[in-house]
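> model this:
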Amino acid sequence: MTFASIMVHMDTGRRSHLRLSLAVKLVHEYQASLTGLLAVYAADPAWVHRVPDGGRYLEAYRQRMEEACHVAQCAFDRATEELLVPVEWRIAEGPPLVAVQREARLGDLLIMGQDDPDDPTAFVASHFVETIILEAGRPVLVIPSAGWFRQIGRRVMVAWNGSRESTRAIHDALPFLRRADSVDVVSCAVVGKRRDDWLAPAQYPVAWLARHGIAARVHEVPVGVDLSTGEALLSQAADLSADLMVLGAYGHSRMSELVLGGVTQTLLTSMTVPTLFSH
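Numbering: from 1, shown residues only. Sure, this is the predicted structure:
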């Protein structure tokens, strides 16, 4: 199992170039094809025309977005001109939440950026990243909105709670795990709470990884009332100097509503290292 096709989401935000740089590095490592997927915020003409001078505003906005999208495509072309693998530039047609779900199914891995409230130019849609994680059917590598990451996947931390989502995530992360210098499986147990019988203990993924030739260490982390599981995982990632976290994402999204598990929400909000989410 490997990544034969990597897709990177491009927008008009200031962090788009970092995602592109990391995608190019991963393409080199896995000799995968690369697709740049442009998806940007689409103003609703029906709403715009209700405000004074809305037509002029909409036309000016369209021109600004066309220029910004042209800049994004030029950046993609420059970054990929020397790649010796298939390269493609695609534009997500239609509502972004729908279009990116559809286009993501062309790839083995989708790279996206964490929502950045400090950069309005990066806004695509409400609950954009969360919805794609839950609905695309592909693992999504989310890059934090702060920090610079020179490499991904040398020191991998797997968040494990024994569930279906955890099992799916560690399977989807196999290409990273096979190339990692170290793999740590972290299991957080809430103090005083009995583990459900159907949840697999942390020794199971370690044994499974060993059958794939991957050595992993187990860390059992007790979690009390003063610290959430998500916060405990972020603390462990820092202690282990992890450059990639692997997590099974919990929740459901049906466009009209989005419900996320507490750990998923905490990491999407406060992530400090690139995280591979799988649902």
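> my guess is residue 246 meets residue 173, correct?
Yes: the criterion here is Cβ atoms under 8 Å, and residue 246 meets it with residue 173 at 4.4 Å. Any C-beta I mention is one placed from the backbone N, CA and C, and that applies to glycine too.
> Pick out whichever of these two has more residues nearby.
Counted by other Cβ atoms under 10 Å, residue 246 and residue 173 do not tie: residue 246 has more neighbours, with 28 against 25.
> Hmm, residue 272 and residue 238 touching each other?
Yes: with contacts counted by Cβ under 8 Å, residue 238 reaches residue 272, the gap being 6.9 Å.
> Residue 245 - that's part of a strand, no?
Yes: membership of residue 245 in a strand is supported by DSSP: H, G, I helix; E, B strand; the rest coil.
> burial of it, as a residue count?
27.
> wait, what's in contact with the closest residue to it other than its chain neighbours?
In space, and not counting its chain neighbours, residue 245 is closest to residue 275: 4.4 Å by Cβ to Cβ, 6 or more residues apart in numbering. Residues near residue 275 by Cβ atoms under 8 Å, 6 or more residues apart in numbering: 141, 142, 244, 245, 246, 247, 267.
> Would you mind giving me the PyMOL syntax to select the buried ones in the residues you listed?
Selecting only the buried entries of the contacts of residue 275 in PyMOL, with 16 or more other Cβ atoms under 10 Å as the criterion:
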select buried, resi 141+142+244+245+246+247+267
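> which residues are common contacts for residue 246 and residue 173?
156, 158, 276, 278.
> So which residues of the protein form strands?
All strands of the chain, identified by DSSP state E, fall at 5-10, 33-38, 87-91, 109-113, 140-143, 155-160, 182-190, 217-223, 244-248, 251-253, 258-260, 275-278.
> looking at those, which is closest to residue 119?
Of all the strands of the chain, strand 109-113 sits nearest to residue 119, with 9.3 Å by Cβ to Cβ.
> report the angle between the axes of that closest one and strand 5-10?
Relative orientation of strand 109-113 and strand 5-10, computed by axes from the mean of the first three to the mean of the last three Cα atoms, to 10 degrees: 20 degrees.
> Can you name the residues bridging to the spatially closest residue to residue 219 that is not a sequence neighbour?
Nearest residue to residue 219 in three dimensions, chain neighbours excluded: residue 186, at 4.7 Å (Cβ to Cβ, 6+ apart). Counting by DSSP bridges, residue 186 is bridged to residue 159, residue 219.
> quick one: residue 186 from residue 236, how far?
5 Å (Cβ to Cβ, to the nearest Å).
> what do these two both touch?
Joint contacts of residue 186 and residue 236 (Cβ under 8 Å, 6+ apart) are 157, 219, 221.
> okay, who's weakest in those residues by pLDDT?
Lowest in pLDDT among the shared contacts of residue 186 and residue 236 is residue 221, which has 87.
> My guess is that one contacts residue 234. True?
No: counting by Cβ under 8 Å, residue 221 stays clear of residue 234, with 11.5 Å between them.
> The two: which is more packed in?
Taking other Cβ under 10 Å, residue 221 and residue 234 do not tie; residue 234 has more neighbours (20 against 16).
> Tell me which residues touch that one, please.
If a contact means Cβ under 8 Å, 6+ apart, then residue 234 has 266, 267, 270, 271, 272 as its contacts.
> Now the first one. Nearest residue, chain neighbours left out?
Leaving aside its sequence neighbours, residue 266 sits nearest to residue 230 (Cβ to Cβ, 6+ apart; 2.7 Å).
> got it, and the fourth one?
In space, and not counting its chain neighbours, residue 271 is closest to residue 144: 4.9 Å by Cβ to Cβ, 6+ apart.
> State the distance from that neighbour to residue 237.
Per Cβ to Cβ, residue 144 is found 11 Å from residue 237.
> With residue 265 instead?
According to Cβ to Cβ, residue 265 and residue 237 sit 17 Å apart.
> do the same with residue 193
In terms of Cβ to Cβ, residue 193 sits 23 Å off from residue 237.
> between residue 144 and residue 237, which one's more packed in?
residue 237 (23 against 19).
> is it true that that one touches residue 273?
Yes: contact criterion Cβ under 8 Å: residue 237 and residue 273 qualify, at 5.4 Å.
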